[in-house]
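Novice: Give me a model of this one.
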Amino acid sequence: MHPQLTDQPGAIATAKMIARGELSPLEAVDAAIARIEALDGAINAVVVRDFDRARTAAKALDGKAPAPHQPLFGLPITIKEAFDIAGLPTTWGIESCAGNIAKRDSAVVRRLKAAGAIFLGKTNVPPQLADWQCDNPIYGRTDNPHDPARSPGGSSGGSAAALASGMVAAEYGSDIGGSIRIPAHFSGVWGHKTTWGAVSSEGHAFPGSDGHDIALGVVGPLARNGEDLALLLDLTLDRPLPRRGKPLTECRFLYLDQHPLCEVDESVREAVEGAVEAAGKAGAQVKQDQHALPDLAAAHRDYVKMLQIAMSMGAPGPGGKVATAADWFALLDAQARLQRHWAALFETYDFVLAPPAAIPAFAHDLTPMNLRRFTVNGHEVGSEAVLAYAGLATFPALPSTVMPVGSAGHLPVGMQVIGPLFGDRDCVATATAIGQVLHG
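Specialist: As a prediction, the model looks like this:
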């Protein structure tokens, strides 16, 4: 079992209490504010607070019944600081952007508000969303609720910490290098990296840019259970996505237990293998089929090149070289070839199961991310411990759901359920089915 820190109800359960009249929107908002004020001093997750406007919005809903399109009616939530909410700062943790106040809501915020959600504020991020921990000169450091000496993950670490501690029941983040999946894994919550292009990232733009959809970067939901994650995904999709609804007993899984660039720490492997075995005992077909996989080392090299160009917006790379248009088109070709390989794999297998990272949550570390070292099975490794497993789904633009599956001591461990392009709803549904087998 993975360590649970809260018995607070989830998003759907809370919204149903409000719809039944057991809890008013204002009472729900006040209770969430009280939890933040009681818990967040030790965690520092909800770094932008908008409590007065949240109470005003809740009062406007009191005494009303939810409309059919409002399954989140009266539900208090937070969102990653990088999403625009009109009147609130969007800084991406960059000190020079501290005065950047958003003029309008982002697309995801508009959609969640339309579904009845009430925003209490925004959650912490690392500078430029470029780390697996959350520490910046504007808001300070966010601690992992399971262990304050460790990172909750990044860059959606504040999101995961707010969920794991029970402050809120729903969150939304973004992911280009594991930024939803790593926090879900490190903090013991659910997160979904969407297929590139499935959910609008309008209003989630690097400060100073004009809002283009960044290559590889996606936005996606976080929650404390699979049902809530599925609802948040459905409410924010740009267009309806198919769902095959294949039962777990008929699923064919490829289990990837290691990456050629980095083995998995035994503490993580044990928890993930427990979930894989449970799926197999429930009737699913599970195989380890290295021959079906693409060249993961080559794919990772191309992923890192594209990631560096996208994150720097074309500025010179670590070696001082500026990427040319020819370099970029070569990477697009490599991405297209990789997508064809994955598409062929998914003709044989329904999903790939894999660790989100080689390690559980690591201790806070001010070393620059590209120089940081991690310990895996007693020896030191570099960023591949995290980035290689995140990049599995990112470079080919595939959807991936991370679900909690166990623990490494007192720290949570998650597992990725990776599916074919635009198979987002099936990823979440299958992860939910595995969760039901694991936890009852």
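
Novice: For residue 53, report the pLDDT, please.
Specialist: We have a pLDDT of 98 for residue 53.

Novice: which one is it nearest to, not counting chain neighbours?
Specialist: Among residues not flanking residue 53 along the chain, residue 87 sits closest, at 7.6 Å (C-beta to C-beta, 6 or more residues apart in numbering). All C-beta spots, glycine's among them, are computed from the backbone N, C-alpha and C.

Novice: Surely that neighbour and residue 102 touch.
Specialist: Yes. Here residue 87 reaches residue 102: they are 7.0 Å apart, a contact under C-beta atoms under 8 Å.

Novice: which residues are in contact with both of the two?
Specialist: When C-beta atoms under 8 Å, 6 or more residues apart in numbering defines a contact, no residue borders residue 87 and residue 102 alike.

Novice: does the residue nearest to residue 53 count as helix, strand or coil?
Specialist: Under the three-state scheme (DSSP: H, G, I helix; E, B strand; the rest coil), residue 87 adopts coil.

Novice: what residues are up against it?
Specialist: 50, 53, 101, 102.

Novice: now it: how far from residue 427?
Specialist: Distance, residue 87 to residue 427, by C-beta to C-beta, to the nearest Å: 35 Å.

Novice: and if you look at residue 388?
Specialist: Relative to residue 427, and taking C-beta to C-beta, residue 388 is found at 20 Å.

Novice: between the two, which one's more packed in?
Specialist: Neighbour count, other C-beta atoms under 10 Å: between residue 388 and residue 427, residue 427 has more, with 30 against 26.

Novice: Out of the helices and strands in the protein, which is least certain?
Specialist: Ranked by mean pLDDT, DSSP states H and E, the weakest helix or strand in the chain is helix 296-312, scoring a mean of 93.

Novice: Dump the C-alpha coordinates for that helix into PDB.
Specialist: What follows is helix 296-312 as a C-alpha-only set of coordinates in PDB (Å, rounded to 0.1, in the frame of the first residue of the first chain):
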ATOM      1  CA  LEU A 296      15.300   3.900 -26.200                       C
ATOM      2  CA  ALA A 297      18.800   5.300 -25.900                       C
ATOM      3  CA  ALA A 298      18.700   7.000 -29.300                       C
ATOM      4  CA  ALA A 299      15.200   8.200 -28.600                       C
ATOM      5  CA  HIS A 300      16.300   9.800 -25.400                       C
ATOM      6  CA  ARG A 301      19.200  11.600 -27.000                       C
ATOM      7  CA  ASP A 302      16.800  13.100 -29.600                       C
ATOM      8  CA  TYR A 303      14.300  13.900 -26.800                       C
ATOM      9  CA  VAL A 304      16.900  15.800 -24.800                       C
ATOM     10  CA  LYS A 305      18.000  17.800 -27.900                       C
ATOM     11  CA  MET A 306      14.400  18.800 -28.600                       C
ATOM     12  CA  LEU A 307      13.700  19.500 -25.000                       C
ATOM     13  CA  GLN A 308      16.800  21.900 -24.700                       C
ATOM     14  CA  ILE A 309      15.700  23.800 -27.800                       C
ATOM     15  CA  ALA A 310      12.100  24.000 -26.700                       C
ATOM     16  CA  MET A 311      12.900  25.100 -23.100                       C
ATOM     17  CA  SER A 312      15.500  27.700 -24.200                       C
END
